[in-house]
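Undergrad: Sequence and predicted model, in that order:
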Amino acid sequence: MAPVLVWCIYCILGIVHSKAGWSISTPEEILGEFGKDVLLPCTFQQPKNDYKGNIEVIWRTKVHFDGPVIFHCVNSASAMSNCSAPSTETSKMSRYSLAGDARQNNLSLLIRKASFEDNDSYFCRVQLEGKGNSWETKRGTNLKVPPFIKQLYISVDRFGDHSVTCEAMGLPLPTIVWVQPQNQNFTVRNSSGNQSVSSTVPAILNETHTCRASNLFGTEERSIHRGVSITIPEGKLKISFMALSGILLGIVILLVIVLIVKHQGSSTKHINVKKSCQNDKDEKPGGIYMNMPKRTV
């Protein structure tokens, strides 16, 4: 009766014994974050402390023993490691790798850039050479990737009205709830797409607006504050931009005209100087002294 009770306790804790000297341990739940790497810990103990043979590592999803294999690694005595992922998708193969050292009884799996499709149950299996020298977790580890708030921003329409929009992603699609401001009766505009949903409410002056996105895998919150600021509505902004562009264009045209007039004035002056010099050369030398009085000695 006592061994059965101990075995049940190990099952509840996620530590399963197959026989004396054998155990494998994994956490019941891991919380990941969308777009970031996540580690699924797995350690084991086996009675052969001086074991030098091959160590085979297998990770499955869905159900233990019969679930689809997502990672397979054989650590041999002749080589440091020889790992392969059975998936035929190259992008999927590169996302899984052995983070632990099988020779140190660590079979932890690293998943790169967690996605919402990674929400699943994961089962770790270790197998040594020889019949019966293997074990796999029965309870597994539940990986949860909660919703991700992609954007939270304040915008102004052409009438000068302020709105705050929250865009969230998740699978299944998350539900967006505005936690703050409280006790406000305003209209909420919602829209949804592929793995994303958005919600827009009026932005209240000097208030903090908190968006909460949640589904069965978790919750995320973000806040934004609308303070006093000088804003230009979208329609007036376009008009202001066109007016500024017209002013700049007028300044450029005026500068071009000034440069042309200045250049023409300089050319006219140069021509007049040349004509004056030419007239001086055309005068007879004797004509200069004819009007001068004669000196007597």
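TA: Perfect, I can see it now.
Undergrad: from what I can see Trp135 touches Trp22, true?
TA: Yes: counting by Cβ atoms under 8 Å, Trp135 does reach Trp22; the two are 5.8 Å apart. To be clear about C-beta, it is placed using only N, CA and C from the backbone, and glycine gets the same treatment.
Undergrad: where do the contact lists of the two overlap?
TA: Counting by Cβ atoms under 8 Å, 6 or more residues apart in numbering, the common neighbours of Trp135 and Trp22 are Phe44.
Undergrad: need the contact list for the closest residue to Ile176 other than its chain neighbours.
TA: Leaving aside its sequence neighbours, Ile176 sits nearest to Ser199 (Cβ to Cβ, 6 or more residues apart in numbering; 4.1 Å). Neighbour list for Ser199: Thr165, Cys166, Ile176, Trp178, Val188, Arg189, Asn190, Cys211 [criterion: Cβ under 8 Å, 6+ apart].
Undergrad: hmm, which of those residues are the buried ones?
TA: Those of the contacts of Ser199 that meet the buried threshold are Thr165, Cys166, Ile176, Trp178, Cys211, by 16 or more other Cβ atoms under 10 Å.
Undergrad: Determine which two of those residues are furthest apart.
TA: Using Cβ to Cβ, these span at most 11.1 Å, a distance reached by Thr165 and Trp178.
Undergrad: separation between Val156 and Thr208?
TA: As judged by Cβ to Cβ, to the nearest Å, Val156 and Thr208 stand 18 Å apart.
Undergrad: So which residue is smack in the middle of this structure?
TA: Gly35 (7.0 Å; Cα atoms, centre = their mean).
Undergrad: List the residues that contact it.
TA: Lys113, Ala114, Ser115, Phe148.
Undergrad: Could you rerun that using 7 Å?
TA: Contacts for Gly35 (Cβ atoms under 7 Å, 6 or more residues apart in numbering) come out as Lys113, Ala114.
Undergrad: Assign a three-state SS to it, would you?
TA: coil (DSSP: H, G, I helix; E, B strand; the rest coil).
Undergrad: ok, now Val252?
TA: helix.
Undergrad: out of the contacts of Ser199, which are inside strands?
TA: Those of these mapping onto strands are Thr165, Cys166, Ile176, Trp178, Arg189, Asn190, Cys211, per DSSP state E.
Undergrad: Pick the one among the residues you listed closest to Ser245.
TA: Distances from Ser245 to the ones in strands among the contacts of Ser199, taken by Cβ to Cβ, are shortest for Thr165, at 29.3 Å.
Undergrad: Could I get the pLDDT score of the closest one?
TA: If you check Thr165, the pLDDT there is 94.
Undergrad: what does Glu283 give?
TA: 49.
Undergrad: can you check the one 10 residues further on too?
TA: At Pro293, the predicted lDDT confidence score is 47.
Undergrad: for the protein, what spans make up the helices?
TA: For the chain, helices defined by DSSP state H occupy the ranges 2-13, 90-93, 234-282, 286-289.
Undergrad: what about Asn75, how many residues close to it?
TA: Asn75 has 19 neighbours, counted by other Cβ atoms under 10 Å.
Undergrad: Show me what it bridges to in the sheet.
TA: Beta-bridge pairing for Asn75 (DSSP bridges): Ile55.
Undergrad: For it, which residues are in contact?
TA: Asn54, Ile55, Ser81, Ala102, Arg103.
Undergrad: For it, give its distance to Glu129.
TA: Between Asn75 and Glu129 the computed distance is 12 Å (Cβ to Cβ).
Undergrad: between these two, what contacts are shared?
TA: Asn54.
Undergrad: Poorly predicted segments of the stretch 101-250 of the chain, please.
TA: 183-187, 229-241 (pLDDT under 70).
Undergrad: Of the ones in strands among the contacts of Ser199, which is the nearest to Ala243?
TA: Among these, and counting by Cβ to Cβ, the member closest to Ala243 is Thr165, at 29.0 Å.
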